[in-house]
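*Asks:* Got a predicted structure plus its sequence, pasted below:
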Amino acid sequence: FSATELRYGTARFLNMAVKPAIISAAAYFFGPASAQQVSITIFSVAIAMLLMTIDPYRAYYKKYYNNHRSGHEFIIYILIIVIWMWVVSLMMFTVMVLQHIPIFICVLSVTMFIGEKFADEFLRFCLFKKDIARWSTLVITRSSVQLSGLIIAVLFRKFEYSFLILLFLFSLGWVFAFYEPAKKIASIVYNNYAILCRPKYYHRAGSRIFLSFFLITSSLMSSGPSYFDKVVALFTDKESLPLFLIASMAFSLIQNFVDFFFVSKIRLELLHGTQSLGGLIFSRKFFYCIAMGLIAGAAILAIEALILRNIYRFEIRILALIAFINIMLAITAIPQQLV
């Protein structure tokens, strides 16, 4: 590993570790009710991000990375993201209110979703440009802010509003990390305000969203199984949601190892369609990535079970099923990339 790759690996690890660490710490120091509130925020943002899988970046990237004029595609790309984001935000807020979730949790969740989506788009752009150093810096900064909120809350847990500090810094951590990129994008939008007001671009953006229905459906069909048990928990037994999320995020290392060590190395090749599906799925390197993720996830869960043994009960059968689902999702991620 080079220094850049080690920094990238550190960023990946922190990005994956923050959420389960905050859920576990909330349960251990503030009780199951607090862990439940954090879990609802994390899960609602995850579902909203799942509904955003319309991939408008593909048309823009194909022109941009092939050195073609891409200004019009960039405008359509921005409009699609903004329009669909507000639709999903409204749906998200409505469902959470109907579930009698406190309003401040609903507002924080929607704010976190908007920030996470912006961060997701900008971080993807960095990966395609192979600017690993910038990607790593942004992710480490965001994770550091979120972990700082956790440390402050734990140190001052006797303070009445300590848990609120944790929630705010966790939900709004992206503001500190992505302030400069957000400012730059806002400047571009402001300077091209007249172009963005042209009706033809809104018509094209609306058409693209409509045509993306099949892509959204296929994404929901492939990723939905990993969320189904947690959706049931959210609607029937909110107290069990933190446990499901901890297990799911631990075994999501399988997908992350595949993405980090395998997919991220050949992103442009996948975009151009020069790799065969069979050669990728039956690759020895792909198998090693799955095995590494499985071992790492199991090790993390063993530690979690030891720490939270007096709060949650970890059942081997459920954990094995969650691990199996994540292996299947890691495999289906390959044909998704090719499409």
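*Replies:* That came in fine, so what should we check first?
*Asks:* how about the helices in the stretch 51-200 of the chain?
*Replies:* Under the criterion DSSP state H, counting those that start in this stretch, the stretch 51-200 of the chain contains helices at 57-64, 71-98, 103-128, 132-155, 162-171, 173-177, 179-191, 193-196, 199-211.
*Asks:* Show me where the protein dips below the pLDDT cut-off.
*Replies:* In the prediction, the chain carries residues with pLDDT under 70 at positions 1, 211-212, 215-216, 219, 222-226, 229, 233, 267-269, 271-275, 336-339.
*Asks:* how much space is there between the residue sitting furthest away from the middle of it and residue 188?
*Replies:* The C-alpha centroid of the chain is most remote from residue 194, which lies 32.8 Å away (C-alpha atoms, centre = their mean). Going from residue 194 to residue 188 by C-beta to C-beta, to the nearest Å gives 13 Å. (C-beta placed from N, C-alpha, C; glycine too.)
*Asks:* same thing with residue 16?
*Replies:* Plainly put, residue 16 is 31 Å away from residue 188 if you go by C-beta to C-beta.
*Asks:* between the two, who's got more neighbours?
*Replies:* residue 16 (21 against 11; other C-beta atoms under 10 Å).
*Asks:* in stretch 7-22, what counts as buried?
*Replies:* 7-8, 11-22 (16 or more other C-beta atoms under 10 Å).
*Asks:* can you tell me which of those residues are in strands?
*Replies:* Among the buried residues of stretch 7-22, DSSP state E puts none in strands.
*Asks:* Make CSV from those and add distance to residue 315 to it.
*Replies:* CSV is the format used below for these (distance: C-beta to C-beta, whole Å):
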residue, distance to residue 315
7, 37
8, 35
11, 33
12, 29
13, 27
14, 29
15, 27
16, 23
17, 23
18, 25
19, 21
20, 18
21, 22
22, 23
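*Asks:* Report the secondary structure state of the closest residue to residue 154 other than its chain neighbours.
*Replies:* In space, and not counting its chain neighbours, residue 154 is closest to residue 29: 5.6 Å by C-beta to C-beta, 6 or more residues apart in numbering. Under DSSP: H, G, I helix; E, B strand; the rest coil, the three-state class of residue 29 is helix.
*Asks:* Count the residues that sit near residue 29.
*Replies:* Residue 29 has 16 nearby residues by other C-beta under 10 Å.
*Asks:* do the one 5 residues further on as well
*Replies:* For residue 34, the tally of surrounding residues (other C-beta under 10 Å) stands at 20.
*Asks:* which residues sit in contact with it?
*Replies:* Residues near residue 34 by C-beta atoms under 8 Å, 6 or more residues apart in numbering: 26, 27, 163.
*Asks:* so which helix or strand takes in it?
*Replies:* helix 32-51 (DSSP states H and E).
*Asks:* can you give me the angle that helix makes with helix 103-128?
*Replies:* Angle of helix 32-51 versus helix 103-128, following axes from the mean of the first three to the mean of the last three C-alpha atoms, to 10 degrees, is 50 degrees.
*Asks:* Dump the C-alpha coordinates for helix 32-51 into PDB.
*Replies:* Coordinates of each C-alpha in helix 32-51 appear next as PDB, following Å, rounded to 0.1, in the frame of the first residue of the first chain:
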ATOM      1  CA  PRO A  32     -31.800   2.100  24.300                       C
ATOM      2  CA  ALA A  33     -34.300   5.000  23.700                       C
ATOM      3  CA  SER A  34     -31.400   7.200  22.600                       C
ATOM      4  CA  ALA A  35     -30.000   4.500  20.400                       C
ATOM      5  CA  GLN A  36     -33.400   4.100  18.900                       C
ATOM      6  CA  GLN A  37     -33.500   7.900  17.900                       C
ATOM      7  CA  VAL A  38     -30.000   7.700  16.300                       C
ATOM      8  CA  SER A  39     -31.000   4.500  14.500                       C
ATOM      9  CA  ILE A  40     -34.200   6.000  13.100                       C
ATOM     10  CA  THR A  41     -32.200   8.900  11.700                       C
ATOM     11  CA  ILE A  42     -29.600   6.600  10.200                       C
ATOM     12  CA  PHE A  43     -32.100   4.300   8.700                       C
ATOM     13  CA  SER A  44     -34.400   7.000   7.300                       C
ATOM     14  CA  VAL A  45     -31.400   8.600   5.600                       C
ATOM     15  CA  ALA A  46     -30.400   5.200   4.200                       C
ATOM     16  CA  ILE A  47     -33.900   4.600   2.700                       C
ATOM     17  CA  ALA A  48     -34.000   8.100   1.300                       C
ATOM     18  CA  MET A  49     -30.500   7.500  -0.300                       C
ATOM     19  CA  LEU A  50     -31.800   4.300  -1.800                       C
ATOM     20  CA  LEU A  51     -34.700   6.100  -3.400                       C
END
